[in-house]
Every structure is written in C-alpha cells, then in structure tokens.
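[1] Sequence below, structure please.
(2 chains)
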Amino acid sequence: MTRLAIPVGSQDHVQGQAQAAVTLVEYGDYECPYCGEAYPVLKAVQRAMGDQLRFVFRNFPLAEMHPHAVRAAEFAETAAELGKFWQAHDMLYENQTALRDADLYAYGLRLGLATDVVRQGLDGRFDRKIKEDFTGGIRSGVNGTPSLFINGLRYDGERDIDSLVSALKQAARDAIRPRAATHR
Amino acid sequence: MSETHSPTALPAGQTAPAFTLPATPDQTVSLDDLRGKPVILAFYPADWSPVCGDQMALYNEILPEFHKAGAQLVGISVDGVWCHAAFAGERKLHFPLLSDFEPKGAVARSFGVYRDKEGISERALFVIDGAGIIRWSFVSPLGINPGADGILEALDNLGASAPSEGATS
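    Numbers count the residues shown, from 1 in each chain, chains lettered A, B, ... in the order given. Model prediction:
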C-alpha cells in the first residue's frame, strides 16, 4: 500500500533527468486550493534540489468538488501535445480562480495554441489519459490532492520547503546507498 | 495523533455484527438490507473535520470504481442525522452517511473501533462480503486519510465470489 502503482514512463510529464537520484511524483488537481498552495513550494523545492530531482505531474481531478478541474487537465494535455505542458501547468496554477472555458481559450492564445486546437483538446480525447492517471493514483493510495510520492512511496509529511527538501535529500542518500534496500 | 492503531478492530474472517442506523431523519439502513453484495464500511471520526472531508470527498469521486466491483459504500460516524445531511449536501456526497449517535458509538464499539477517550470512532475500514463476513479491515492513524487502494485490493480479492454487474446506487 501507499506505493506508486504505475512506474514513471513515457506517458508522464517530467521535469529533470531520468538518472536523477530522486523522483517526486505529484498527483494534482488544477482547481484544488491545496495544490495551489503547494505549487510555489514545489517550484522552490525543485530549485533547491537542482539536478538531483526529477519531478512528475499526474492528473487527479476531483470532478465532483471542482467543476473546472477536468477541463483544465484537458487543456494541459492539449498543450503537452505541442510540447508546452509545463507552461500550461504553471499558467493554470498561477490563475487557479479563472478556469472557465473562456479563460482556457485565452491561456491557449498566450501559449500560442489556436482556439481550434484548444477546442479539439476539450472534446474528450484526453479523457482516457486523465482517467488512467486517476485510477493509477487511487491504486497507489492517493488520499487527496496534492498527493506526493518520493521514489515511489507516498509522502505523508509536512508540505513546507524545508521538510520536503530534507525528505528528498534523505531519499537521494538512500537511493545511492546499496540498491538492495529498494527490493522488498 | 497517529500512534493509536486499534488492536481491537474485528479482523477478516469474522461475521460483521448486525446493525440498523439512521441515514436521514426518516430513513434507516440495516446491514441486512445490504446483503448479497460487498459492502464497504468507512468509519470516520467526524463530519467537517478537514481530513475526514477529504476522505469522504475522495470516496465520493471513486464511487464508480466501487460500484464497478459491485460494492456499496456507507460512511459511519457519531454525528447526528442533521449534521450528516448538511455535510453530505455541502460536499455533494452520493452515498449514505449513517449516524451512530444513540446509543453513542454502539456500532463502532461492536466493530471494535470506538475511542472512549475522545468519544469518536477510529478511522477504520471494513470490506464485508455478500454473506456478511468481514474480508478485510484496516485502522488508519486518526489524522491520516487511508485512501482507497486497500479497499480496491480487498474487493479484487473477493474475486469471483462477488458478482460485478456494475451496480448503481
């Protein structure tokens, strides 16, 4: 339990190198205020960790609670097709209170995504990808948003910069030590 | 907050104690009513506390996965029916919340997951098969939302014994 069920792979949105000592996976929802709080923290954590860290974002939209979350996820997936996932991801978290369709079209234009492209992206073609992220998250023990996994294990600690950096550094040290410890 | 794993929670293999509890001011739900299909009992400490909210809200989002496995979900806490009604309404919950209010915590006690000191139930999960046998139980540290992976795994393990025609609630 509480172990990442789906390994990081080519389907994922990734920042950092595959050979980084530590991988942080976030299951997030663009409309979730706690994810919004975590957004600048995670940026700072990435800066503090540098090359040591690989960061992965997966979709976990809480659709019942957040009516715009799925559309926002679809928008980010649309941008990903054009290599602009992270710009879209950042723009959504920096504008969490404005996620109506009209807002998404406007963000699209700012990112250089034509209105037609965004419209097509919102037509359900990414439903499966988003759903796969979601069900993989449930199977991994995602227990709300954001849920964080450090080298495959759910992190239940505090989500401030210092706590996260120290947990990640510990995980990086553990990963460099005998690999046998990772086979359970 | 997290050291008190209840050693008393009824384990797998035992028959789930029968109960009848109010779900709304004028409706009750009995465990017997739910016979024939797997049941997920999610005991939680209280309506409105932020972690509980997250847990019930999370299960609300996952409800289709539970239904795919043919299972019904019920939440149980010591809160009264009006409190449950307000909570379920505000969070748009699509599953029943039962009120273990009078005598207080009696059902939680019968499952071995009542916390006398605080007067609330543990954050405890039980997966009960269609014949009323507990097939999996888990007590989470009070402050930690246990997620749903354990529930789904337990439902998977019921396997062929659980017909899964995608029941709806």
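
[2] okay, CA-based contacts and neighbour counts for the rest of this
    Fine.

[3] Mind checking what helix or strand follows the helix or strand bottoming out on mean pLDDT in chain B in sequence?
    Taking mean pLDDT, DSSP states H and E as the measure, the helix or strand of chain B with the lowest value is helix B:50-68, at a mean of 85. For helix B:50-68, the following helix or strand on the C-terminal side (DSSP states H and E) is strand B:72-77.

[4] who touches the helix or strand that that next one is followed by?
    Next along the chain after strand B:72-77, taking DSSP H and E as the criterion, comes helix B:81-91. Residues outside helix B:81-91 that contact it (CA atoms under 8 Å, 6 or more residues apart in numbering or on different chains): A:65, B:22-25, B:47-48, B:53, B:57, B:94, B:97-99.

[5] Most proximal residue of chain A with respect to chain B?
    In chain A, the residue that lies nearest chain B is residue A:143 (4.1 Å; CA to the nearest CA).

[6] Once you drop chain neighbours, what's closest to that residue?
    residue B:147 (4.1 Å; CA to CA, 6 or more residues apart in numbering or on different chains).

[7] that's a helix at that neighbour, yeah?
    No - if the criterion is DSSP: H, G, I helix; E, B strand; the rest coil, then residue B:147 is coil and not within a helix.

[8] hang on, the earlier thing: what residues does the least confident helix or strand of chain B touch?
    Contacts for helix B:50-68 (CA under 8 Å, 6+ apart): A:62-65, A:138, A:143-144, B:44-47, B:72-73, B:75, B:91, B:93-95, B:143-148, B:152, B:164-169.

[9] So which of the residues you listed are in strands?
    Among the contacts of helix B:50-68, DSSP state E puts B:72-73, B:75 in strands.

[10] Next, the contact list for residue 99, please.
    You didn't say which chain, so I picked chain A. With CA under 8 Å, 6+ apart, residue A:99 has these contacts: A:31, A:68-69, A:72, A:92.

[11] not quite, I wanted chain B
    B:21-23, B:76-81, B:84.

[12] any idea how far residue B:149 is from it?
    As judged by CA to CA, to the nearest Å, residue B:99 and residue B:149 stand 25 Å apart.

[13] which residues does the closest residue to residue A:126 other than its chain neighbours contact?
    Excluding the flanking residues, the one nearest residue A:126 by CA to CA, 6+ apart is residue A:74, at 6.0 Å. Counting by CA under 8 Å, 6+ apart, residue A:74 touches A:121-122, A:124, A:126-127, A:130.

[14] can you rerun that using 7 Å?
    A:121-122, A:126 (CA atoms under 7 Å, 6 or more residues apart in numbering or on different chains).

[15] how big is the angle separating the least confident helix or strand of chain B from helix B:81-91?
    Between helix B:50-68 and helix B:81-91, the angle comes out at 80 degrees (axes from the mean of the first three to the mean of the last three CA atoms, to 10 degrees).

[16] Please state the offset of helix B:50-68 from the chain centre?
    11 Å (CA atoms, centre = their mean, to the nearest Å).

[17] how about the spatially most central residue of chain A, secondary structure?
    Computing the C-alpha centroid of chain A and ranking residues by CA atoms, centre = their mean puts residue A:57 first, at 1.9 Å. Three-state assignment for residue A:57 (three-state DSSP): strand.

[18] How about it, nearest residue that isn't a chain neighbour?
    Once flanking residues are discounted, residue A:57 sits nearest to residue A:26: 5.0 Å by CA to CA, 6+ apart.

[19] Number of residues surrounding the residue of chain B found nearest chain A?
    Closest residue of chain B to chain A, CA to the nearest CA: residue B:147 (4.1 Å). Residue B:147 is flanked by 24 other residues according to other CA atoms under 10 Å in any protein chain shown.
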